[in-house]
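S.K.: Please find the sequence and the predicted model below.
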Amino acid sequence: AQTTIQLSAVDNGKNPVISKYIYSHFAEHLGHGIYGGFYVGDTSKIPNTNGVRNDVIAALRKMKIPALRWPGGCFADTYHWKDGIGPKDKRPEMVNRWWGGVTEDNSFGTHEFLNMCELLGTEPYLAGNIGSGTVQELSDWVQYVSSDSKNPMSELRKQNGRDKSWKVGFWGVGNEAWGCGGNMTPEYYANEFRKYSTFMANGGDGKMFRVASGASDDDYNWTETLMKNIPHGLVEGVALHHYAIIDWGKKGPSTNFTEKQYFQIMQSAMRMEELVTKHSAIMDKYDPGKKIALVVDEWGGWYDVEPSTNPGFLYQQNTIRDAMIAGVTLNIFNNHSERVRMANLAQCVNVLQAVILTDNAKMILTPTYHVMEMYNVHQDATLIPLTVKTDDYTLGTDKLPAISASASKDKDGVVHISLVNIDPNKAKQVTVNLGDIKSTHITGRILTSQKLQDYNSFTEPDKIKPEPFKDAILKNGAINITMPAASVIVLALN
Ligand code: AHR
């Protein structure tokens, strides 16, 4: 069997730009996501800049991280930002009720986060508390971080050592309002959103991108109700959360999984195509001009925690299976970039499908990190739509499309094609017909490993890493390659 991919016209003036924000991340006050992960404090022996680990900063800068969502997640709707500013010894403690019941000392707050974003070269995406907060609190936060005019909040910020505002564009108005964010109905939430959003203004300076807490998975009624009931001038994005999961009660291990569990996870991950298509179709009904973005601000694989770790910390290892999830999902987002204009992998460091794992002074990059880094060539490039006639990956009588792909042309004219073969048992022959692309030079990189269950560990940190891929044959306007089982390949044509 053979897979054929057909690229469409490159420069037809209609192809959307793949927003770089599709490659964004998420950092919650959860387990060692912040403390120990990003932040060790400025008295730590671990090399740091203002308390933020230097190894993490360097790795994320290389990967390119366009926006970072913080402080939650569920935590966001319990977070009172004023507890996290001013002298650290005066900041009150709280209980992190969602994640392990641990004490949160608020030592990592607004200044620490926004200064960290500057170090990372990333734009902040603040998730506001509407579940247990107030309209005043959220509108004050907006003023505090983004206003340079004279007002009580900008004065308070200056007292706390920051003269010039940071200018925060991205704002979440609550999180999972249907669940941990307040168990609201969509009608009730839409009204709450209208109220909060009205009072969120940067004081005329800087852009404002307000994201409504979106649907879980296939809750299409949620999206429909929001699109119908929220005046479009008050909202710039509507969210969607979808995790690749087998069963909430029985998620299965992150490393020692069976092929059946692999198949099930890929089935769940690949459902993203249907979800994004159907939520987009609803949005098209109310917003045919596609002004409002679909923001998939939580996605990724979710498994049982690593044995003997705190169940509330959601710490899991990351294998080639995760590389498959990342490669396939990012291809879906690229191909839907007309409507999907931001997405945030859950989560960045030490939580769920992390790109980085830390153990005291040690740090490793996961297979997911490598996919994100290989795919960063698509950031802000122009999409080249394509069709894929794919071979199947079969398990018993069940089947999934084996090959997924997306392509783009960057501002220097280089065309990149990202390909994933999810079949863990069989190499696949793939032909890519290039249409009007006249390139003569091809290079590539590949990420793969012997076994699906392989991962990078603190003792073997570079077991899985991208290697040059030299086996692509470019001839007569087509590329022919053999994709090894369970591999991600990114080709560059110029
Ligand atoms: O990412 C972990 C949790 O998953 C988030 O806090 C919540 O929004 C979602 O249910």
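M.R.: Everything's here; your move.
S.K.: Give me the three-state assignment for His75.
M.R.: Let me fix one detail, which is that residue 75 is Phe and not His. Three-state call for Phe75 (DSSP: H, G, I helix; E, B strand; the rest coil): helix.
S.K.: The nearest residue to it once chain neighbours are set aside and the ligand: what is the separation?
M.R.: Leaving out its chain neighbours, the residue that sits closest to Phe75 by Cβ to Cβ, 6 or more residues apart in numbering is His29, at 4.6 Å. All C-beta spots, glycine's among them, are computed from the backbone N, C-alpha and C. Going from His29 to the ligand by Cβ to the nearest ligand atom, to the nearest Å gives 9 Å.
S.K.: Please list all residues in contact with His29.
M.R.: Listed by Cβ atoms under 8 Å, 6 or more residues apart in numbering, the contact set of His29 reads 35, 71-73, 75, 79, 96, 99, 104, 108.
S.K.: next one: phi and psi at it?
M.R.: Torsion angles at His29 (phi, psi; degrees, to the nearest 10) stand at phi -70, psi 90.
S.K.: Repeat that for the one 3 residues further on.
M.R.: When read as degrees, to the nearest 10, the backbone of His32 gives phi -100, psi 30.
S.K.: in the stretch 1-150 of the chain, which spans are strands?
M.R.: 2-7, 24-26, 48-49, 52-53, 67-70, 94-96, 102-104, 123-128 (DSSP state E, counting those that start in this stretch).
S.K.: Just list what the fourth one packs against, helices and strands only.
M.R.: Under the contact criterion of 3 or more Cβ pairs under 8 Å, 6 or more residues apart in numbering; DSSP states H and E, the helices and strands touching strand 52-53 comprise helix 110-120.
S.K.: mind checking how far the residue in the chain that the ligand sits nearest to is from Ile481?
M.R.: Per Cβ to the nearest ligand atom, Gly73 is where the chain lies closest to the ligand, at 2.7 Å. Distance of Gly73 to Ile481, given as Cβ to Cβ, to the nearest Å: 40 Å.
S.K.: Looking at the two, which has the bigger crowd around it?
M.R.: Set Gly73 next to Ile481 and count neighbours by other Cβ atoms under 10 Å: Gly73 wins out with 29 against 25.
S.K.: And the spatially closest residue to the residue of the chain closest to the ligand that is not a sequence neighbour, how far from Trp171?
M.R.: Nearest non-adjacent residue to Gly73, counting by Cβ to Cβ, 6+ apart: Glu28, 3.8 Å away. The spacing between Glu28 and Trp171, counted by Cβ to Cβ, is 16 Å.
S.K.: what about the two, which has more around it?
M.R.: Glu28 (28 against 25).
S.K.: doesn't Gln347 make contact with the more buried one?
M.R.: Yes. Between Glu28 and Gln347 there is a contact at 5.9 Å, judged by Cβ atoms under 8 Å.
S.K.: show me the residues around Asn310 that make contact.
M.R.: Contacts of Asn310 by Cβ under 8 Å, 6+ apart are 31, 100.
S.K.: likewise Ile442?
M.R.: By Cβ under 8 Å, 6+ apart, the contact set of Ile442 is 472, 474, 479, 491-493.
S.K.: Export these as TSV, with columns for secondary structure.
M.R.: Output for the contacts of Ile442, formatted as TSV (three-state DSSP):
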residue	secondary structure
Ala472	coil
Leu474	strand
Ile479	strand
Leu491	strand
Ala492	strand
Leu493	strand
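S.K.: and those as a markdown table, adding pLDDT?
M.R.: Formatted as a markdown table, the contacts of Ile442 follow (pLDDT from 0 to 100):
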| residue | pLDDT |
| --- | --- |
| Ala472 | 95 |
| Leu474 | 95 |
| Ile479 | 96 |
| Leu491 | 98 |
| Ala492 | 98 |
| Leu493 | 96 |
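S.K.: need those residues in a markdown table with distance to the ligand, can you?
M.R.: Shown next, in a markdown table, are these (distance: Cβ to the nearest ligand atom, whole Å):
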| residue | distance to the ligand |
| --- | --- |
| Ala472 | 37 |
| Leu474 | 42 |
| Ile479 | 38 |
| Leu491 | 33 |
| Ala492 | 33 |
| Leu493 | 37 |
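S.K.: Can I have the buried ones of these as a ChimeraX selection?
M.R.: Written as a ChimeraX command, the selection of buried residues from those, which uses 16 or more other Cβ atoms under 10 Å, is:
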select :472,474,479,491,492,493
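S.K.: Pick the one among the contacts of Ile442 closest to Lys250.
M.R.: Leu491 (38.6 Å; Cβ to Cβ).
S.K.: Please look at the closest one and Thr443 and confirm they touch.
M.R.: Yes. The criterion here is Cβ under 8 Å, and Leu491 meets it with Thr443 at 7.3 Å.
S.K.: Okay, buried residues for stretch 52-71 please.
M.R.: Within stretch 52-71, the residues that count as buried by 16+ other Cβ under 10 Å are 52-53, 55-57, 59-60, 63-71.
S.K.: What ranges in this structure fall below the confidence cut-off?
M.R.: By pLDDT under 70, the low-scoring segments of the chain are 1, 202-206.
S.K.: can you list the residues of it near the ligand?
M.R.: 28, 72-74, 175-176, 298, 346-347, 352 (Cβ under 6 Å from any ligand atom).
S.K.: what is the residue nearest to Gln347 when sequence neighbours are not counted paired to in the beta sheet?
M.R.: Counting by Cβ to Cβ, 6+ apart, Gln347 lies nearest to Phe26, which is 4.8 Å off, once chain neighbours are set aside. Bridge pairing for Phe26 (DSSP bridges) gives the partners Arg69, Ala346.
S.K.: Please verify my assumption that Phe26 contacts Leu345.
M.R.: Yes. Counting by Cβ under 8 Å, Phe26 touches Leu345, with 6.5 Å between them.
S.K.: Domain ranges for the protein, per the record?
M.R.: With domains defined by automatic domain parsing, the chain comprises 19-380, 386-493.
S.K.: do you know which of those lies nearest Gly13?
M.R.: When these are compared by Cβ to Cβ, domain 386-493 sits nearest Gly13, at 12.7 Å.
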